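Undergrad: need coordinates for the below:
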Amino acid sequence: MNKFWWLSNVENKGIRWMCWDRLCAPKKFGGMGFRKIRQFNVAMLGKQFWRLMTEPQSLITRLLKARYYPTVSIQEATRGHNSSYVWRSILEARDLVISGSRYKVGSGESIKVWTDPWLPDDEGPLLLAPAHSELQNIMVSSLLCPENNRWDMDVLQDIFAERDIQRILRIPRGSGSNDDSWMWIDDEKGLYTVKTGYR
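TA: Purely as a prediction, here's the structure:
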């Protein structure tokens with residue numbers, strides 16, 4: 001892009017007056033506000049990864065799941081052997097999307113306590129305390145009272161340190177048992193956008 005901007009098309013001569021990093025800086029910092037091509041492409045691919053993560057019943061999600069990750073979740077999916085260009089491209093955005101996503105706790109039946117990102121505070125999405133060997137695969141639903149869908153304080157105090165308990169209690173609970181869903185932490189509505197992904 002720098003070559004296109006500064007050099008002559010005819011003789012391929014000219015002076016590159018500004019480095020590409022400066023051109024990509026925002027205008028208020030003296031740049032031209034151009035997007036960094038690779039990062040912007042990954043942010044756009046993040047939209048596709050977000051759809052695969054949040055719309056498990058869509059046709060394309062079911063097709064890719066059957067082909068590339070039939071026994072694991074999209075977060076644990078790998079490239080595999082002889083994978084298509086589309087699948088390899090979508091996986092480029094996985095780290096971006098997962099790092100900015102959290103589970104919104106509903107029933108808690110699909111969220112693993114120790115390995116899934118479900119704590120929405122600034123300290124990180126995972127519990128600070130190490131996992132107990134016999135409790136590694138428990139779900140968040142086992143931390144809730146079945147009769148009123150609220151946090152079970154006896155269970156929390158038996159398993160977690162006080163710091164983790166306070167983080168868990170910050171997650172609001174309702175009376176209904178809705179489904180678990182994904183939310184994007186940099187958006188008010190909790191939806192991934194290319195703009196926030198690029199940022």
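Undergrad: grab the longest helix from the protein for me.
TA: helix 37-54 (DSSP state H).
Undergrad: which other residues reach it?
TA: 1, 58, 60-61, 64, 74-75, 89-94, 96-97, 101, 181-182, 184, 191-195, 197-198 (Cβ atoms under 8 Å, 6 or more residues apart in numbering). Every C-beta, even on glycine, is put in place using the N, C-alpha and C of the backbone.
Undergrad: at 6 Å instead, please
TA: If you take Cβ atoms under 6 Å, 6 or more residues apart in numbering as the criterion, helix 37-54 is touched by 61, 74, 89-90, 92-94, 96-97, 182, 192, 194, 197-198.
Undergrad: which residues of this structure fall in helices?
TA: 2-6, 20-24, 37-54, 59-68, 85-92, 94-99, 153-159, 162-169, 194-198.
Undergrad: so which of these gets nearest residue 79?
TA: Ranking the helices of the chain by proximity to residue 79 (Cβ to Cβ) places helix 85-92 first, at 6.1 Å.
Undergrad: if we can go back for a sec, closest to residue 135 among the contacts of helix 37-54?
TA: residue 182 (24.0 Å).
Undergrad: hmm, who's touching stretch 185-195?
TA: 43, 44, 47, 50, 100, 102, 183, 184, 196.
Undergrad: got the buried residues for it?
TA: Under the neighbour-count criterion of 16 or more other Cβ atoms under 10 Å, stretch 185-195 has 185, 190, 192, 193 buried.
Undergrad: now do stretch 44-58
TA: Neighbour count says stretch 44-58 has 45, 46, 47, 48, 49, 50, 52, 53, 54 buried, by 16+ other Cβ under 10 Å.
Undergrad: returning to what we had before: report the buried members of the contacts of helix 37-54.
TA: Applying 16+ other Cβ under 10 Å to these flags 61, 74, 89, 90, 93, 94, 96, 97, 182, 192, 197, 198 as buried.
Undergrad: turn the buried residues of stretch 185-195 into TSV, columns for distance to residue 27 and pLDDT.
TA: Putting the buried residues of stretch 185-195 into TSV (distance: Cβ to Cβ, whole Å; pLDDT from 0 to 100) gives the following:
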residue	distance to residue 27	pLDDT
185	27	79
190	30	75
192	26	79
193	21	77
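Undergrad: what's the closest of the residues you listed to residue 112?
TA: The closest of these, once distances to residue 112 are taken by Cβ to Cβ, is residue 185, at 18.9 Å.
Undergrad: any idea how far the closest one lies from residue 22?
TA: 30 Å (Cβ to Cβ, to the nearest Å).
Undergrad: tell me the domain ranges of the protein?
TA: When the chain is parsed with automatic domain parsing, its domains come out as 1-34, 36-100+187-199, 106-179.
Undergrad: now tell me which of these the model trusts least on average.
TA: Among the domains of the chain, domain 1-34 carries the lowest mean pLDDT, at a mean of 64.
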